[in-house]
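# here is the input, now give the coordinates:
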Amino acid sequence: QNGCRCENKLLVILTNGGVPLTVGSMKGLIVLNPLPDVVFFWGDAEFTSHINHIGARRGIAEQNGLTDEVDQNALVQFFSPLLASHRFLKAELDNPYSSISCENGFLFVLRQFGEHLHIGVCGDGSETEEFLKRKLYVFHRLTGVHYGPVIDELRPDSSQDRKSRWAYMSRLINTWTHLASTEQSFLVEAVERLNVNQALNETCINVLEQALSKVRSGGDRHAVHALLLVNTKLLALYSSRNACELQAADILAITLVVRTLFPTGDSLDELLSFTHTPSTPLSIRRVTAERTPTPSSTDYYSPSSSVEETEQDPEKSEGQGDSSPLAVPSRDMFHTPINPHEHDSFHTPAAVQDSFYTPHQPTPASHRAPEPEENPLVLSACEEAVDEAAERSQEYLRMPAFLQTPLCTHSPHQLHCIPVMPGTVLVIISEVPKSHVAGLICQCLTTLVTSEITQGRKGSSTREGSQGRSHVELLEGNVKRVLDATKKMKGGLERVHKDLVNRWDLVRKGGLLEYMEGTDANPPPRLETALSEFTRTLKVLFRLLFLTYKPPQAAEDKQRETMETIQELVSKKICDYKDYLAVKAQRNVTMTTYLEEFPGLIHFLYIDRSMDLVIAPAINVTAQQEPGSFDATAVLKVKVWEMVRRWQHYLQNSYTSSVVRDGDFCYSYFLWFEDPSGNPLSPQQPVKEVQGAPPGILAGHYYRDLCARCFPTMPVGAVNCYELMCMHVGVIPAEFVASHCRKLAAMLWETSGEAHSPISLL
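Residues are numbered from 1 along each chain as shown. This is a model prediction of the structure:
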């Protein structure tokens, strides 16, 4: 059962292997496929050494336990019983255990994503079950950002490539763990916008417009977004008019990637001490086709491209490709995460006010202007980005990224990461040609999962025949569109297209419609095999289309020159604001602004969940404290983190408002809903406890799903959700706490420029 305490073979191996189990530092994250094979492993030195020691003593490991790499044979032997029992409980009871607590303090948290089982391990008690659960969800999201739906790309055939990718993903996890424990934006999973003056805001908007224009003139016509990041905060975002809206979850994921690739000092003194000369262009790192990336390289390698249309000259190389007709943005707009009607320091200057536009829907394909054919500049899956910080901070890096759009859960894009100043990075995002095919493939894979075709229906209610038929018709329509979109492609895709046709014929002849209309809990073996092969072929097609391209050398050289120009341009424009940005990155909003109007208020977090923006006073903990001294800020940070975790737990248990007095402090939390005009809304359905992703946006779509559950008859986007967490001194009466919260919410609401009307937090 969920959360069970069990003593199984896994526990016996970990505790009775003949080697003392040093509980106090062991952490790990493992991803297993059904074979079982280790798709991904991350573990600290203690956990890795312990697995190798036990494996060596039992004769199932080839290593002696002294290496820093885990023995995969021993790892599979240890976790195979856990995988088998988890699979059995899911298949027979549809109720697999979600965590295992061992008597020696070890905690194992399990989550199934598709056919892959993710296991989080903690042996020192420093990470709770909820934290490990969130870590698994975030890791799954980061895997999707880098490899789309093809999670098995984490385990390439080459051991060197596998080590490289595992090292990079391990760095990502370590960076997220650090940011989740130090940055409020990652604590609540919302974007924090830098509150800068009007002059700098205008400068950033203008320079982003110029940067995007130069990228397009340099040959990349699909560049759609440009953003400036200062540490973990968003300084400015500029998007083309026809672009899909850049989701806040993708901004956080990009921020996480940037902090991993370009680490900077967290202290203000370190940032201010760095001397940057804008006249010296920063170096550009690139990889030629002949160069093979090494584990110590930060390069991103792109295998040869493999797609071209039949209309092209058959004498051409199969390594060339063309671009599908996508929209060429004819007009750009100024887009920041702040509400477009705002009138404070975030607002766009009056001279360009008419061009301010927030995109919400993609341009229909029928309205898009065709473009001349060109070689797609798409890169392969991200290789290891592990290098010296001083060297890495001076490099331009490009990498593929699969972002979320209304039409595709893994829309292929390309990121150009350009360091401008210490802690400041320019990111340019380009769409990838043929991205509509990715949407069709993802729709097929989503239909297979949501309709439970590939997983059986054991434990679920039996569907009516009409519902099963509708799922089959939906899947058949999506498959037909995929086949139509790829039937003219060359470069090795003819065989994959033929395999996909044959696999789909086997699925239909295997009795898919009869199974979906019937009452059998699990598909027959023949159909199950056909569905598995069909799903695998879809992922192979996705990988060949979007993970195995290489830009032509001429285009790569031209792009490098363009990025050098942009690097120098942006650096010169904002170099005078270096110290100002360094201070704002550390002290964006100060609590002193609110002390006079809210006596007794210590801290607050205001989160607009309709746009996933957070406003919160800065908490700056002194890195080096004198012995015996008392750091009140460190105590405040601990209390704030405890407060947020407590309210997230309460929210998962259906509490949307509460006031708790704990010791010297009084904590309050309110979640409420409004319509687009700012009028308060009462939920049509009560907030119910649900199992799934924890509150946030990196782990899932918790607040979007919450609005859908509470307002089932309201269209998407018609309900806005807000959160307010406050911390007062304990002597403040509860009625004053509620009054402060109402007044503070109204003040922050006015600052954001939204409609104002009386609200009821209760």
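# ok, Asp220 touching Ser430?
Yes: using CB atoms under 8 Å, Asp220 is in contact with Ser430, at 5.3 Å. Every C-beta, even on glycine, is put in place using the N, C-alpha and C of the backbone.
# count the neighbours of Thr593 for me.
Thr593 is flanked by 10 other residues according to other CB atoms under 10 Å.
# what's the spacing between it and Val583?
Applying CB to CB, to the nearest Å, the value for Thr593 to Val583 is 15 Å.
# quick one, what contacts Leu200?
Neighbour list for Leu200: 574, 577, 580 [criterion: CB atoms under 8 Å, 6 or more residues apart in numbering].
# ok, then the element right after the host helix or strand of it?
Leu200 is part of helix 198-217, with elements assigned from DSSP states H and E. As assigned by DSSP H and E, the chain's next helix or strand after helix 198-217 is strand 223-230.
# next, the angle strand 223-230 makes with the helix or strand following that next one.
Per DSSP H and E, the first helix or strand lying C-terminal to strand 223-230 is strand 233-240. Relative orientation of strand 233-240 and strand 223-230, computed by axes from the mean of the first three to the mean of the last three CA atoms, to 10 degrees: 170 degrees.
# tell me the helices in the stretch 351-500 of the chain, going along the chain?
In the stretch 351-500 of the chain, the helices defined using DSSP state H, counting those that start in this stretch lie at 389-392, 435-450, 465-486, 493-509.
# list the contacts of the third one.
By CB under 8 Å, 6+ apart, the surrounding residues in contact with helix 465-486 are 434, 436-437, 440-441, 443-444, 447-448, 451, 453, 493, 496-497, 500-501, 504, 508, 512-513, 515-518, 538, 541, 545.
# cool, and stretch 588-606?
Under CB under 8 Å, 6+ apart, the answer for stretch 588-606 is 184, 188, 192, 194-195, 233, 614-619, 636, 639-640, 644, 665, 722-729, 731-732, 736, 740, 743-745, 747-748.
# from the residues you listed, list the buried ones, please.
By neighbour count, with 16 or more other CB atoms under 10 Å, those hold 184, 188, 192, 194-195, 233, 614-617, 619, 636, 639-640, 644, 665, 722-728, 732, 736, 740, 744-745, 748 as buried.
# from those, which land in strands?
Using DSSP state E, the subset of the buried ones among the contacts of stretch 588-606 located in strands is 233, 614-615, 665, 722-728.
# mind putting those into TSV with distance to Leu483 and pLDDT?
Below are these laid out as TSV (distance: CB to CB, whole Å; pLDDT from 0 to 100):
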residue	distance to Leu483	pLDDT
Lys233	45	94
Val614	45	94
Ile615	49	94
Phe665	62	93
Tyr722	45	95
Glu723	45	95
Leu724	51	95
Met725	51	95
Cys726	56	95
Met727	57	95
His728	62	94
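# just to check, Phe262 is in contact with Val420?
No: between Phe262 and Val420 there is no contact under CB under 8 Å: 10.1 Å.
# between these two, which one's more packed in?
The residue with more neighbours, out of Phe262 and Val420, is Val420; 27 against 22, by other CB under 10 Å.
# could you give the angle of the lengthiest strand in the chain to strand 223-230?
Within the chain, and with DSSP E defining each element, the longest strand by residue count is strand 408-421. Relative orientation of strand 408-421 and strand 223-230, computed by the same axes, to 10 degrees: 50 degrees.
# tell me the angle of strand 408-421 relative to helix 435-450?
Using the same axes, to 10 degrees: strand 408-421 against helix 435-450 is 120 degrees.
# mean confidence score for strand 408-421?
Averaging pLDDT along strand 408-421 yields 93.
# start at 34, not 1
That works, and once the first residue is 34, the last one we named lands at strand 441-454.
# so what's the gap between that strand and the chain middle?
Relative to the chain's own centre, strand 441-454 is displaced by 12 Å; criterion: CA atoms, centre = their mean, to the nearest Å.
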